[in-house]
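In: got a predicted structure plus its sequence, pasted below:
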Amino acid sequence: MLGRLARPGTAELFGTHGTGRPSPITVAEGRLVVRGTVRRLSTRHRGAVRGAVTGGGPAPRPEDGRSEADPTGDGPGPLAFLCAMPLELKPLRRRLALRDEPVGDLRLQRGRLDQRRVVAAVTGMGTARARAVCRQVLDAVAPGHVVMVGIAGALDDVTPIAALVVPELVLDAATGAAHRPAPLGPLRAGGMLWTSDAFITDPDELAALRARGVTALDMETAAVAAECASAGVAWSVVRAISDRATEPVFDNEVFARTTDEGQPDREAVARFLARHPTRVPRMVRLAADAKRAAEAAAAAAVAACAAT
């Protein structure tokens, strides 16, 4: 279920807490209202202010993807979809009729899912970019729930292309942290997703990850999970298989020269294909499979959010 922020509440901030006396201070929907003046709060400050108002100190940070306020509700903040690449955002943009509404230097898109406000943004590839853009989104729009949507790589030779990846745990290769997503509608979670900035193709490394129960690879979700957990915002992830790590189309040279938004450098690709001309059909197939997987992930994510 989508996370719900706490209902608007009024309490005495100064003097004795919990007396029931009227107060000039209200905390609601990411805003601090002081004697009629509305002051916007970032998600990083909401928990601390709410704790001060109630006398309980800063709100505890959850260990899983549920909101600290209500793990079963649907919060007043918008639903935020994050994608690493424009390819992954494109089907969401079409399904949700998203329109460009940047906030400062944040390239944000807005729309609606039934009666729910929706925002979406492309983070760029890798944990650092995902973390930075997620933090921008959290501070700019105070979402009630964040959903990472996109493609992933399989660790075996048999997982079908476009098969959904809805993990029970997301593991951060850099920190060793394990993050548990919030359940999302009727989607059934299973397996583990490994987030790493590395381009993993070594058979022994892939075998070791499979032995640990890892079923898919990506480069962003653990970073988004950590930011959401720090802010006390519910988060989930829906991905779909676009390729298999056991059948790499490119090498590390091409990967290293890929743009932030997932576009490979043309010169690097040309050099690679000159050395490996038999890879051309696989490259064409990869493009088609990535598009198909992005469509599957977007469809599943939208349907699951609509069903909650």
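Out: In hand now; what should we look at?

In: please read off the pLDDT at the closest residue to residue 184 other than its chain neighbours from the model.
Out: The shortest distance from residue 184 to any non-neighbouring residue, by CB to CB, 6 or more residues apart in numbering, is to residue 236 (4.2 Å). The way it works is simple: take the backbone N, C-alpha and C, and place the C-beta from them, glycine included. Reading off the per-residue confidence, residue 236 sits at a pLDDT of 98.

In: so residue 236 touches residue 185, yeah?
Out: No. Applying CB atoms under 8 Å, one finds residue 236 not in contact with residue 185, separated by 9.1 Å.

In: who has more neighbours out of the two?
Out: With other CB atoms under 10 Å as the criterion, residue 236 and residue 185 differ in neighbour count, and residue 236 comes out ahead with 29 against 17.

In: and the gap between the more buried one and residue 244?
Out: With distances taken as CB to CB, to the nearest Å, residue 236 is found 24 Å from residue 244.

In: on that earlier part again, does the residue nearest to residue 184 have beta-bridge partners, and which?
Out: Beta-bridge pairing for residue 236 (DSSP bridges): residue 147.

In: list the contacts of it.
Out: Taking CB atoms under 8 Å, 6 or more residues apart in numbering as the criterion, residue 236 is in contact with 65, 145, 146, 147, 148, 181, 182, 183, 184.

In: thought the second one was touching residue 232?
Out: Right, residue 145. No. Using CB under 8 Å, residue 145 and residue 232 do not qualify as a contacting pair, with a distance of 11.8 Å.

In: looking at those two, which one has more neighbours?
Out: Legend: neighbour count by other CB under 10 Å for residue 145 and residue 232, higher for residue 145 (30 against 23).

In: count of residues packed around residue 197?
Out: One way to gauge burial is a neighbour count; for residue 197, by other CB under 10 Å, it gives 13.

In: ugh, wrong one, I meant residue 178
Out: Other residues within reach of residue 178 by the criterion other CB under 10 Å amount to 15.

In: equivalent analysis for residue 226, please.
Out: A count of neighbours around residue 226, defined by other CB under 10 Å, yields 21.

In: was I right to think it contacts residue 172?
Out: Yes. In terms of CB under 8 Å, residue 226 counts as a neighbour of residue 172; the distance is 7.1 Å.

In: what residues do the two have in common as contacts?
Out: Both residue 226 and residue 172 are in contact with residue 179, where contact means CB under 8 Å, 6+ apart.

In: tell me where the stretch 101-250 of the chain has helices.
Out: The residue ranges that make up the helices of the stretch 101-250 of the chain, judged by DSSP state H, counting those that start in this stretch, are 127-141, 203-211, 221-231.

In: how about the second one: buried residues?
Out: Residues of helix 203-211 classed as buried by neighbour count (16 or more other CB atoms under 10 Å): 206, 209.

In: need the contact partners of that helix.
Out: By CB under 8 Å, 6+ apart, helix 203-211 touches 155, 156, 194, 200, 217, 245, 246.

In: export only the CA atoms of it, formatted as CSV.
Out: Coordinates of the C-alpha atoms in helix 203-211 are reproduced here as CSV (Å, rounded to 0.1, in the frame of the first residue of the first chain):
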residue,chain,number,x,y,z
PRO,A,203,30.9,-15.5,-14.7
ASP,A,204,32.3,-16.2,-11.2
GLU,A,205,30.9,-12.9,-9.8
LEU,A,206,27.5,-13.6,-11.3
ALA,A,207,27.5,-17.1,-9.9
ALA,A,208,28.3,-15.8,-6.4
LEU,A,209,25.4,-13.3,-6.6
ARG,A,210,23.0,-16.0,-7.8
ALA,A,211,24.1,-18.1,-4.8
